[in-house]
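Quick one: sequence and predicted model below, then my questions.
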Amino acid sequence: MRYLVYIFAVLLISAACQGNGQTAVDYVPDTTLLSKAYETYKEPSIVHRRFKHADIEPLILKREDGPAFEVTQLGSSVLGKPIYELKYGNGPKKVMLWSQMHGNEPTATMALMDLFNFLEAQGDGMDSIRNLLREQTSIYFIPMLNPDGADVYTRRNAMDVDLNRDARAGATVEGRILIQAAKRVQPHYGFNLHDMNIYYNVPGTPNPATIALLAPAYNAEREVNEVRGNAMKIAAGINRILQGYVPDGVAKYDDTHSPRAFGDNFQAWGASTVLIESGGYRNDPEKQFIRKLNFIIILNSLIEIAQDSYHQYNIAEYDAIPFSSSQLSDVLLRNVGASRDSLDYRVDLSINRDEHTVGSDYYVRSRITDVGDLKENYGYTDLDAQGYHFIQGKVYPTIFRNLDDVSQERAMELLRQGYYAIQLAEMPENKHHNLPLVVFHEHKPAPASPNLGREANFFLAKDGVPAYAVINGYLIDLSAIPTQEFKNYVR
C-alpha cells in the first residue's frame, strides 16, 4: 500500500508537468521493488546464454492472444526465421528497444523475456507501474534481431554482415526490418542492447566494466543537442542505480561516431538513444547477474521516461563516467620465474580462455595473450607468483580407457605429482569434460613455454615442487579442493 500511494503521488507530479519536458520530477527508484520484480518474473526456461530462436519464439507467440501485447511478425531473417515486434502500451511517448543484433550477445534478450513476464502480470502490488507505462508510453520491443547468428552463436548474420554496421546501406533483410520499424514508429527514445567482451575494465581498477553505457554521437563532431542530451540524462540515471549493485563497475563505451551504426543513426533520426553493453562480472559465466541488472535498469528507464523524471539528472553526471579500458584478462600471473637456455628472468603472464561453441554448450582453449611488464593490467584471477618458477608438466604414462576412469580426486593427485595430461584409449562421443587436466586421445599436447600465443598448460613450482597448476588457462591451487567448473575438451 505504501508503494501504491508513492507511485500515485509521482503520477500526480508527472501530470502536473505534462507539456514541459524539461521539468524534473523528484523520483527515487525503489531498487528493492525492482529486484523483487526480477526474482518473481525471471523466465525459468532460459538459464544459459546459448539459447536459440526456437527457445524464445514460444515465449513470444504465447502472448499473441493475451491482452498485454500486440505481437507482429516484422519479417524473416536470411534463413527464414521470423523476427517479431511486441508492442506494449498506448501512450504518447514512443520507445523502441532491440536486442541481439549480434547473435552472440544474448544477455538483454534474456532480460526482455523476464520483462515480458512482468508486464503481462497483474494483482501483485505493482500494477501502478504497468498502468503508468501503458498510459504514458508505447513500447516497441524487437528481441533477437539476428536469429541466424544466435542459433550458431556468432556475431554476424547469415550473410556475414555485421548488422550494426548496416544502418546506412540497409543491405541485409534484418537491417531493413529495423530501419522500416524506425520509420514506421518514429520513436522518441531508443535502447540498443548489446554484450561486449568480458575483458573491458573500469580504468585504473581491477573491476570489470559490468555495464558500459553510451549516448551515441549523431555526428562526427560528437555534438550534444537536446536529443542526445536526453539520452545522456537517462544513462546518468542508469549509472546511479548500477553503482548500488556494481560500485565502480560502470564505464562509457567508445563514443567515436560511426555513420554505419544503428545507435548513431537512431540518435540522428531524433530518438534519444542509449546503448547498453553487458560486460563481465566475477563468477557469472552465464551472465545471470548481469541479466538481472539489465531487467532493473531497462524497467526503471521506462518508468523514468514515462514520468519525465530522467530530467532530474544532468549531463555532467554522464560525462563523469569513465571510458572503458581493456586491461583485464582471465588470469594474470605476476613475477613468474622462468629460464631459457642459461638465462633466468622474471616476467608477468596474461592468459585468456577463448570460448568455442558446440550446440548449446561450449569449451575453452587458452592462450598466453601478453608477456612482460603488466603492472597496470589485471586479472579476474590475479596471483603474485614471486618465488615460484615456471615448469613444464609431464604426460602420465598409463593410458586410461575413458573419462569415467578418472575422478576429480585422481586428477588432483596427478597434478600434485607434476602430471598435467592424460591419454584416453577411447575417444568419447561427448568431448566436453570437467577434469582439471589436459585430456587427449591421439594428439599429444605440445610442451609448454612462457611465450606469447602458447597454450597455458604448466606448473608454478617452489623449490621444484608444484604449488599451482595452470590447465587450459585455469589457475588451480594444488593445496585446495577446486570449486570452479572447468569447460575443457578431449583433443
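Sure, I can see it. This one's a predicted model, so the numbers in the text were calculated from it and none came from an experiment. Numbering: from 1, shown residues only.

Partner strands of the strand ranked longest in the chain, with direction?
For the chain, the strand that runs over the most residues, judged by DSSP state E, is strand 343-358. Applying DSSP bridges to the sheet, strand 343-358 is found paired with strand 328-340 (antiparallel), strand 361-372 (antiparallel).

looking at those strands, which is buried most?
Most buried of the strands paired with strand 343-358 by mean neighbour count (mean count of other CB atoms under 10 Å) is strand 328-340; its value is a mean of 20. Just so you know, the C-beta spots here come from the backbone N, C-alpha and C atoms, and that holds for glycine as well.

show me the contacts for residue 366.
Residue 366 sits next to 330, 351, 352, 353, 354, 455, 456, 457, 472, 473, 474 when contact means CB atoms under 8 Å, 6 or more residues apart in numbering.

what separates the residue of the chain positioned farthest from its centre from residue 461, distance-wise?
Centroid-distance maximum for the chain: residue 342 at 45.4 Å, with CA atoms, centre = their mean. For residue 342, the distance to residue 461 equals 19 Å [CB to CB, to the nearest Å].

go on, residue 388?
Residue 388 is 6 Å from residue 461, by CB to CB.

shared neighbours of the two, anything?
With CB under 8 Å, 6+ apart, residue 388 and residue 461 have common neighbours residue 467.

mind giving me the domain ranges of this structure?
2-319, 329-489 (automatic domain parsing).

Please indicate which of these has the most neighbours on average?
Mean neighbours per residue, mean count of other CB under 10 Å, is largest over the domains of the chain for domain 2-319, with a mean of 19.

Kindly state the beta-bridge partners for the residue nearest the centre of the chain.
Nearest to the geometric centre of the chain sits residue 278, at 3.4 Å (CA atoms, centre = their mean). Residues in a beta bridge with residue 278, per DSSP bridges, are residue 195, residue 211.

Now for it: which residues touch it?
105, 107, 108, 194, 195, 196, 210, 211, 287, 290, 293, 294.

How about residue 223?
Residue 223 makes contact with residue 217 under the criterion CB under 8 Å, 6+ apart.

quick revisit: how about the contacts of residue 278 in JSON lines, adding pLDDT and distance to residue 71?
Shown next, in JSON lines, are the contacts of residue 278 (pLDDT from 0 to 100; distance: CB to CB, whole Å):
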{"residue": "105", "pLDDT": "98", "distance to residue 71": "23"}
{"residue": "107", "pLDDT": "98", "distance to residue 71": "23"}
{"residue": "108", "pLDDT": "98", "distance to residue 71": "19"}
{"residue": "194", "pLDDT": "98", "distance to residue 71": "24"}
{"residue": "195", "pLDDT": "98", "distance to residue 71": "25"}
{"residue": "196", "pLDDT": "98", "distance to residue 71": "30"}
{"residue": "210", "pLDDT": "98", "distance to residue 71": "32"}
{"residue": "211", "pLDDT": "98", "distance to residue 71": "29"}
{"residue": "287", "pLDDT": "98", "distance to residue 71": "26"}
{"residue": "290", "pLDDT": "98", "distance to residue 71": "27"}
{"residue": "293", "pLDDT": "98", "distance to residue 71": "27"}
{"residue": "294", "pLDDT": "98", "distance to residue 71": "21"}
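
Residue 138 and residue 301: what is the separation?
Taking CB to CB, one finds residue 138 at 15 Å from residue 301.

actually residue 242, sorry about that
12 Å.

Flag the helix or strand of the chain with the lowest per-element mean pLDDT.
Ranking every helix and strand in the chain by mean pLDDT, DSSP states H and E puts helix 2-16 at the bottom, with a mean of 39.

The lengthiest helix in the chain: what's the following helix or strand?
Longest among the helix segments of the chain by residue count, using DSSP state H, is helix 288-307. Sequence-wise, the next helix or strand downstream of helix 288-307 (DSSP states H and E) is helix 315-319.

what's the spacing between that next one and its chain's center?
24 Å (CA atoms, centre = their mean, to the nearest Å).

Give me the helices and strands touching it, please.
For helix 315-319, the packing partners by 3 or more CB pairs under 8 Å, 6 or more residues apart in numbering; DSSP states H and E come out as helix 226-243.

quick check: mean pLDDT across whichever helix or strand comes after the helix it packs on?
The first helix or strand that comes after helix 226-243 along the chain, using DSSP H and E, is strand 250-252. Computed over strand 250-252, the mean pLDDT rounds to 98.

for the record, mean pLDDT for whichever helix or strand comes after strand 250-252?
Downstream of strand 250-252, the first helix or strand assigned by DSSP H and E is helix 262-268. Helix 262-268 shows a mean pLDDT of 98.

ditto for stretch 161-171
For stretch 161-171, mean pLDDT is 98.

do the same with stretch 352-370
97.

do the same with stretch 225-245
Per-residue pLDDT over stretch 225-245 has a mean of 98.

next one: it to chain centre, how far?
That offset, for stretch 225-245, works out to 19 Å (CA atoms, centre = their mean).
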